[in-house]
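A.B. asks: Show me how the following folds:
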Amino acid sequence: MTTATEKNIHPRIRPAMLGIAALWALAPLAVPVAAQAQGFPEKPITFVVPFAAGSATDQLARAIGQAVTNDSKVSVVVDNKPGANSFIGAQAAAKAKPDGYTVFITTNTTQSANEHLFKKLPYDPVKDFTPLTALGRGGQIMVVNPALPVNSVSEFIALAKSKPGKLSFGSGSSSSRVAGEQFKQMTGTYILNIPYKSNPPAVTDLLGGQIDMMITDMTTGLPQVKAGKLKALGVSTRQRSPLAPDVPTIAEAGVKGYEMTYWFAAYAPAGTPADVVAKLSDMLVKAARSPSAAPFYQASGTEIFTSNPEELRKFQAAETLKWGKIIKAAGIEPE
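C.D. replies: Numbering: from 1, shown residues only. The predicted structure follows:
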């Protein structure tokens, strides 16, 4: 109904006044949201990890979680959801309530590589998530069962060529899988890939002799090398690792130009309020650079690598293109 006063208002002014009235009507609804963001965090935060307990991503999540707790006095729960090529964890994080209390701690596997390894994903690595910050990047180590009669990369290549299809390598992440496939492609060898839910169970089978080789993260592989349970043949980075200075790079050991690195990052479910995203990003960057998280980075040889949300968005886009090229060059057909 139009009142007498409204009839006297100029027609061009009336819509603007109605718009202002509508905004005032919505104002009470906005207050609780702002108040909630200002008080964040007020309850425990869950870190969803798409890999098994003991994996590098799990260890990073626990180190970052402890740092967040130390700083904010809010507890962090690490929820491991491995399996189905990391789909289970990614889906769980994507479907979580976008209120800032669920954070996806993941790697290039879910966010850049999977879309090139599989014909169809049950989640969208871009649309389903809001970037928070990068958390680190590092290299991998090539390890074999001690019973295998090889002591160098060149000897392993010779053995693999003498027994095409008889040797196997395990992979519990896209970084591990692509590293092995790239090794095969660059050396002209045929080595059977055995997929796992995560790298730790693959290492267990490597120790037991069920598989022959792995190119895995330092966190998972190096302790077994230092314990004398596995033999290290090379590292995947351009330069030798300070954690294993006596181990040559795979490139210098005979596979010229070989390099494979990985990265960690944190995301929130899509739709998380911008001010909560900003707070989470700041909290996680601070945690990654805190003294309490330092032991993980030092022990794993992981480089501290942080960003703001927009920088992570651009980095992920560039990495997706990069991983697509690597996977195509390695001759991997999407499953």
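A.B. asks: show me the contacts for the spatially most central residue of the chain.
C.D. replies: Against the mean C-alpha coordinate of the chain, by CA atoms, centre = their mean, the closest residue is Thr107 at 1.1 Å. When contacts are counted by CB atoms under 8 Å, 6 or more residues apart in numbering, Thr107 touches 57, 173-175, 262-265. To be clear about C-beta, it is placed using only N, CA and C from the backbone, and glycine gets the same treatment.
A.B. asks: Mind doing that once more with 7 Å?
C.D. replies: 57, 173, 175, 262-264 (CB atoms under 7 Å, 6 or more residues apart in numbering).
A.B. asks: again, but for Ile194
C.D. replies: 168, 170, 211.
A.B. asks: bridging residues for the second one?
C.D. replies: Read it as Gly170. Taking DSSP bridges as the rule, Gly170 bridges to Ile194, Met214.
A.B. asks: Phe305 versus that one, what's the distance?
C.D. replies: Between Gly170 and Phe305 the computed distance is 27 Å (CB to CB, to the nearest Å).
A.B. asks: Looking at these two, which one has more neighbours?
C.D. replies: Neighbour count, other CB atoms under 10 Å: between Gly170 and Phe305, Gly170 has more, with 26 against 17.
A.B. asks: ok, how many other residues are close to Asp205?
C.D. replies: 16.
A.B. asks: Identify the residues contacting the helix or strand it falls within?
C.D. replies: For Asp205, the host element (DSSP states H and E) is helix 199-208. Residues from elsewhere that reach helix 199-208, judged by CB under 7 Å, 6+ apart: 52, 54-55, 143, 145, 170-173, 176, 196, 211, 214, 216-217, 220-221, 224, 229-230.
A.B. asks: got the buried residues for it?
C.D. replies: Residues 199-203, 205-207 are the ones in helix 199-208 that count as buried (16 or more other CB atoms under 10 Å).
A.B. asks: In TSV: those, plus pLDDT and distance to Gly139.
C.D. replies: TSV is the format used below for these (pLDDT from 0 to 100; distance: CB to CB, whole Å):
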residue	pLDDT	distance to Gly139
Asn199	91	14
Pro200	91	18
Pro201	93	21
Ala202	95	17
Val203	96	17
Asp205	97	22
Leu206	97	18
Leu207	97	21
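A.B. asks: show me where the protein has helices.
C.D. replies: With DSSP state H as the criterion, the chain has helices at 4-7, 14-38, 56-72, 87-95, 108, 114-117, 153-162, 174-187, 199-208, 218-226, 274-288, 294-300, 309-329.
A.B. asks: Check which residues of stretch 229-245 are buried.
C.D. replies: For stretch 229-245, burial by neighbour count (16+ other CB under 10 Å) applies to 230-237, 240-241, 243-244.
A.B. asks: circling back to that earlier point, quick one: the buried residues of helix 199-208 as JSON lines, columns for distance to Gln316 too.
C.D. replies: Listed next are the buried residues of helix 199-208 as JSON lines, based on distance: CB to CB, whole Å:
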{"residue": "Asn199", "distance to Gln316": "22"}
{"residue": "Pro200", "distance to Gln316": "26"}
{"residue": "Pro201", "distance to Gln316": "27"}
{"residue": "Ala202", "distance to Gln316": "26"}
{"residue": "Val203", "distance to Gln316": "28"}
{"residue": "Asp205", "distance to Gln316": "32"}
{"residue": "Leu206", "distance to Gln316": "31"}
{"residue": "Leu207", "distance to Gln316": "34"}
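A.B. asks: Which of these sits closest to Thr69?
C.D. replies: Pro200 (24.3 Å; CB to CB).
A.B. asks: and the nearest residue to the closest one once chain neighbours are set aside, backbone torsions?
C.D. replies: Closest residue to Pro200 apart from its sequence neighbours, by CB to CB, 6 or more residues apart in numbering: Gly54 at 4.3 Å. Phi and psi for Gly54, reported as degrees, to the nearest 10, are phi 100, psi -20.
A.B. asks: Could you give the number of residues near Gly54?
C.D. replies: When neighbours are counted by other CB under 10 Å, Gly54 comes out with 17.
A.B. asks: tally of neighbours for the residue lying closest to Asp124 once chain neighbours are set aside?
C.D. replies: Spatially, and ignoring its direct neighbours in sequence, Asp124 is nearest to Ala94 (7.7 Å; CB to CB, 6+ apart). Residues within reach of Ala94, counting by other CB under 10 Å, total 22.
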